[in-house]
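Peer 1: Predicted structure and sequence below. I'll ask about it afterward.
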Amino acid sequence: MSSKMSTLGVKKIVVIISMLATSLFAEIQWMQYDEAFLKAKKENKIVMVMLSKEGCPACEYMKDIVFENDDVLDAFNKDFVGVHLDINDDYVPDRLAYIGTPTFHFLNKHESKIDRIDGGVNSRDFTLKMRELISKK
């Protein structure tokens, strides 16, 4: 009986460590455009397309600060799928217009535009925008 208890205890510890490791290294998993819409349809999620370019300070701020925030990551991973496109290196569909970078397009699973953000925003405002978008999907 004590070995059974030990095995259960070890299993619980392994599960807890796995959960902690996952949360410590949580990040946005960027996908290919077509792949993102397949996943969005299957899981009823919103697709966020980030348009950026190398050397863009606001883009780096979003990637290094905002997308590392726990509230942003939690909301994103629950209801969103991410696509990252470099405007200089990747094909950008014509309907995803931009003035500068970063630009974020939010599309429903049917590829219809829900909303857009031009420029970088702080973690709090980005989280609020994601919560607002969830009600529009």
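Peer 2: That came through fine. Residues are numbered from 1 along each chain as shown.
Peer 1: for the chain, what are the low-confidence residue spans?
Peer 2: Along the chain, segments meeting pLDDT under 70 span 1-26.
Peer 1: in it, which spans are helices?
Peer 2: 2-24, 33-43, 57-64, 70-79, 123-134 (DSSP state H).
Peer 1: what sits up against the fourth one?
Peer 2: Contacting residues not belonging to helix 70-79 are listed as 23, 26-28, 45-46, 48, 66-67, 82, 123-124, 126-127, 130-131, 134, 137 [C-beta atoms under 8 Å, 6 or more residues apart in numbering]. C-beta coordinates here come from the backbone N, C-alpha and C atoms, glycine included.
Peer 1: Please pick the buried ones from those residues.
Peer 2: For the contacts of helix 70-79, a burial check counting by 16 or more other C-beta atoms under 10 Å picks out 28, 45-46, 48, 66-67, 82, 123, 126-127, 130.
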